[in-house]
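S.K.: Show me the folded form of this:
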Amino acid sequence: MADPGKPADEFSAPGAGKRFVGVQFRLKNTGTATYSDSPSNGAQVADSQGQQFEATIADISAGPSMSAGVRLKPGGTALGWIVFEVPKSSKLTTVHFTMDSGFADQPAEWQLS
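M.R.: This is a model prediction of the structure:
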């Protein structure tokens, strides 16, 4: 995780009172069919107050962003950063990810330390 995430260029900046946070995801298709999705649609972070934040379109200097359109054959992998814009005062506690643009039946959740 990159918190705060430094903008990758001088044209990108979080809004007043906010910061960028980047979470790096590695996706691997362990199934038998091609996986096609926009991973940022199913990604969220949540803070200690229970507020959830959706991904935003931004690049940070930590590394390349996750592609907006990921297409993986069985066994294929994708690696990239998904960026969130959150209030400077928020203490993030969890990362949520749900495949199929957030509509899959089995969401994943990771605790942040």
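
S.K.: Helix or strand with the lowest mean pLDDT in the chain?
M.R.: helix 99-102 (a mean of 91; mean pLDDT, DSSP states H and E).

S.K.: Can you list the low-confidence ranges for this protein?
M.R.: Of all residues in the chain, none has pLDDT under 70.

S.K.: residue ranges for the strands of it, please.
M.R.: 18-28, 35-37, 43-47, 52-56, 70-72, 77-87, 92-97, 108-111 (DSSP state E).

S.K.: got the ones you listed as JSON lines, with mean neighbour count columns?
M.R.: Every C-beta, even on glycine, is put in place using the N, C-alpha and C of the backbone. Formatted as JSON lines, the strands of the chain follow (neighbours: other C-beta atoms under 10 Å):
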{"stretch": "strand 18-28", "mean neighbour count": "18"}
{"stretch": "strand 35-37", "mean neighbour count": "17"}
{"stretch": "strand 43-47", "mean neighbour count": "21"}
{"stretch": "strand 52-56", "mean neighbour count": "16"}
{"stretch": "strand 70-72", "mean neighbour count": "16"}
{"stretch": "strand 77-87", "mean neighbour count": "19"}
{"stretch": "strand 92-97", "mean neighbour count": "17"}
{"stretch": "strand 108-111", "mean neighbour count": "11"}
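
S.K.: For the chain, which residue occupies the most central location?
M.R.: Taking C-alpha atoms, centre = their mean, the centroid of the chain lies closest to residue 82, which sits 3.2 Å from it.

S.K.: pretty sure it contacts residue 41?
M.R.: No. Contact criterion C-beta atoms under 8 Å: residue 82 and residue 41 do not qualify, at 9.9 Å.

S.K.: closest to residue 64 out of the strands of the chain?
M.R.: Minimum separation from residue 64 across the strands of the chain (C-beta to C-beta) falls at strand 77-87, 5.5 Å.

S.K.: Which neighbouring elements make contact with the closest one?
M.R.: The elements that strand 77-87 packs onto, with contact taken as 3 or more C-beta pairs under 8 Å, 6 or more residues apart in numbering; DSSP states H and E, are strand 18-28, strand 43-47, strand 52-56.

S.K.: List the neighbouring strands of the second one plus their orientation.
M.R.: Using DSSP bridges, the strands paired with strand 43-47 are strand 52-56 (antiparallel), strand 92-97 (antiparallel).
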